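Participant: With the sequence up front, the predicted model follows.
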Amino acid sequence: MPQLDELARQIRLVIFDVDGVFTDGRLFYTADGEEMKVFHVRDGVGVKALGQVGVQAAVISGRASDAVALRMSELGISRIYQGNHDKLPLFAELIEQLGVSSEQTAFMGDDLPDIPVLRAVGLAACPADADAEVRSICQWVGNRDGGRGAVREFCDFLLEHIPPPAGTDV
């Protein structure tokens, strides 16, 4: 089995779950039934830095939320798949569209619905507080919890290993 740093060097696409990864997984509702989410600002810096070295980012989330669409748009993520709990077909469609292999793809998830994609990618990652079964199959397990900088921590790990594109000062 390849070493973790070798797996990271190959990554050209990172796919993120949202609830429990970008957020702490809690759901907040207003009295009118509007859903609110809280995102950690540092996570966005990490995602943008990946883009600067040529790594694409996408989101596949089982829940649909306008807040997710807005935040991901702010981060420059245009491939946002929401509201489908069967994530594996979306993953297959996405890598085909982008022309990357599963080995060139990382996925960061936190709970049981993420397991099929975590098993399909080249580098499976999760926050520190992910479900125990998820943690047991991930090659990379963070020290930070979801919604508390876990995305940034994973992005920083990847940035340590992914060579910058030729001719850049990144």
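Facilitator: Here it is on my side, so go on. Numbering: from 1, shown residues only.

Participant: got the contact list for the helix or strand residue 124 falls within?
Facilitator: In the assignment (DSSP states H and E), residue 124 maps to strand 123-126. With contact meaning Cβ atoms under 8 Å, 6 or more residues apart in numbering, strand 123-126 is reached by 4, 7-8, 10-11, 21, 105-110, 114, 118, 134-135, 137-142, 154. Bear in mind the C-beta positions are built from the backbone N, C-alpha and C, glycine included.

Participant: Quick one: buried ones out of these?
Facilitator: Using 16 or more other Cβ atoms under 10 Å as the burial test, the contacts of strand 123-126 include 7-8, 10-11, 21, 105-110, 114, 118, 134, 138-142, 154 as buried.

Participant: Once you drop chain neighbours, what's closest to residue 45?
Facilitator: Of all residues not flanking residue 45 in the chain, residue 152 sits nearest, at 6.5 Å (Cβ to Cβ, 6 or more residues apart in numbering).

Participant: Doesn't that neighbour belong to a helix?
Facilitator: Yes: assigned with DSSP: H, G, I helix; E, B strand; the rest coil, residue 152 falls within a helix.
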